[in-house]
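**Student:** Give me a 3D structure for the following:
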Amino acid sequence: MKKLLLTTVYMLFISALGATAQTVFSTSSKYDADVKVFEVKSKYDADLVVFKVKSKYDASKDGLWFFTKSKYDAKKKIFFVGSKYDADLKIYFASSKYDAGWRNRSKQHLLK
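**Tutor:** Below is the predicted model of the structure:
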């Protein structure tokens, strides 16, 4: 009985990690994208502050993005647009993972 309970808790924990992981693929076509993104120059203008991680296992919270090499391995496909007016989401690339996170939580639904 204890093993069953521990296994269930472990599986819920693992699935919760997967739910928050942000694996993205940068597509070359806006028609293939789930989200159109614009990179801003200041974190104060961003909806989401992003830090690029080196492993998909490090993408454990909002704003920690792992860029996949295949669109099939990604949770979301993004397209970088040239104007903030064409974007669904404005992001700022941070130099520290501790800065990563939402600045405008009303946009969270775009990455769910």
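
**Student:** tell me the contacts of the residue nearest the centre of the chain?
**Tutor:** Residue closest to the mean C-alpha point of the chain, counted by C-alpha atoms, centre = their mean, is Gln22 at 3.4 Å. Residues in contact with Gln22, defined by C-beta atoms under 8 Å, 6 or more residues apart in numbering, are 59, 62-66, 75-76, 111. Where you see a C-beta, it was placed from the backbone N, CA and C, and this is true even at glycine.

**Student:** Now render these as a markdown table, adding neighbour count, pLDDT and secondary structure.
**Tutor:** Below are the contacts of Gln22 laid out as a markdown table (neighbours: other C-beta atoms under 10 Å; pLDDT from 0 to 100; DSSP: H, G, I helix; E, B strand; the rest coil):
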| residue | neighbour count | pLDDT | secondary structure |
| --- | --- | --- | --- |
| Ala59 | 25 | 93 | coil |
| Asp62 | 18 | 93 | coil |
| Gly63 | 23 | 96 | coil |
| Leu64 | 20 | 97 | strand |
| Trp65 | 27 | 97 | strand |
| Phe66 | 21 | 97 | strand |
| Lys75 | 20 | 95 | coil |
| Lys76 | 19 | 96 | strand |
| Leu111 | 19 | 94 | helix |
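
**Student:** What is the nearest of those to Lys36?
**Tutor:** Lys76 (11.3 Å; C-beta to C-beta).

**Student:** bridging residues for the closest one?
**Tutor:** Val24 (DSSP bridges).

**Student:** Below-threshold pLDDT in this structure: ranges please.
**Tutor:** Filtered on pLDDT under 70, the chain yields the residue ranges 1-21.

**Student:** The residue nearest to the centre of the chain and Lys61, how far apart?
**Tutor:** Computed as C-beta to C-beta, to the nearest Å, the Gln22 to Lys61 distance reads 8 Å.

**Student:** I'd say Gln59 and Val50 touch.
**Tutor:** Quick fix: residue 59 reads Ala, not Gln. No. Between Ala59 and Val50 there is no contact under C-beta atoms under 8 Å: 10.4 Å.
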